[in-house]
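**Q** My questions concern the predicted model and sequence given below.
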Amino acid sequence: MPDPATPPRPLPDVGDPLYAPHLQGLREHRILVQRCRHCGHRQWPPRELCFSCHEEAFDWVEMPAVGTIYTFSVAYRGFNPWFKDQVPYASVVADLGDGIRILAAGADDDVDSITCGDRVHAEFDDVSDELTVLRWRR
């Protein structure tokens, strides 16, 4: 039973059908993104239509669990009560290649040494039986 004094952690909506395949991939410790069945374009975030050819049919393909930091931001104040004990923390956008850039929390304690171009690898935080969230670690 959760501690009533601890604020709830903000988490993604596991019921969103557009993100369901990606979230299932994270539960399996894999990073899945949409690939258009018509033109082969890979895209993130998921959309109803292919950004390249505007078709509607997709497969979900695995991306490498490594990349480079494209950009990042360090928070020194929590935007939500749950983050009060997490600061400072980094939000990191990792470039996985093929035009795919995915935002996730940074998993490093030394946020002041993060730089663009640093290599990162995926860590998978199993929050519950239904949800795993992605984190980037250098």
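**A** Everything's here; your move. Residues are numbered from 1 along each chain as shown.
**Q** What helix or strand is Val14 located in?
**A** Counting by DSSP states H and E, no helix or strand carries Val14.
**Q** ok now do the closest residue to Val61 other than its chain neighbours, which residues does it touch?
**A** Excluding its sequence neighbours, the residue lying closest to Val61 (C-beta to C-beta, 6 or more residues apart in numbering) is Arg35, at 4.6 Å. (Each C-beta comes from the backbone N, C-alpha and C, glycine too.) Residues counted as contacts of Arg35 (C-beta atoms under 8 Å, 6 or more residues apart in numbering) are 41-43, 58-61.
**Q** Mind picking the two most distant members of those?
**A** Between any two of the contacts of Arg35, the greatest separation by C-beta to C-beta is 13.3 Å, found for His41 and Trp60.
**Q** For ChimeraX, what selects the buried ones among the contacts of Arg35?
**A** To isolate the buried members of the contacts of Arg35 in ChimeraX, using 16 or more other C-beta atoms under 10 Å:
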select :41,42,43,58,60
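**Q** So what's the model's average confidence on the strand or helix carrying the residue nearest to Val61?
**A** Arg35 is located in strand 31-36, with elements delineated by DSSP H and E. Mean pLDDT, strand 31-36: 98.
**Q** Show the subsequent helix or strand relative to it.
**A** Sequence-wise, the next helix or strand downstream of strand 31-36 (DSSP H and E) is strand 42-43.
**Q** and the direction of the helix or strand just after that next one versus that of strand 31-36, what angle?
**A** Later in the chain than strand 42-43, the nearest helix or strand by DSSP H and E is strand 58-63. Using axes from the mean of the first three to the mean of the last three C-alpha atoms, to 10 degrees, the direction of strand 58-63 lies 140 degrees away from that of strand 31-36.
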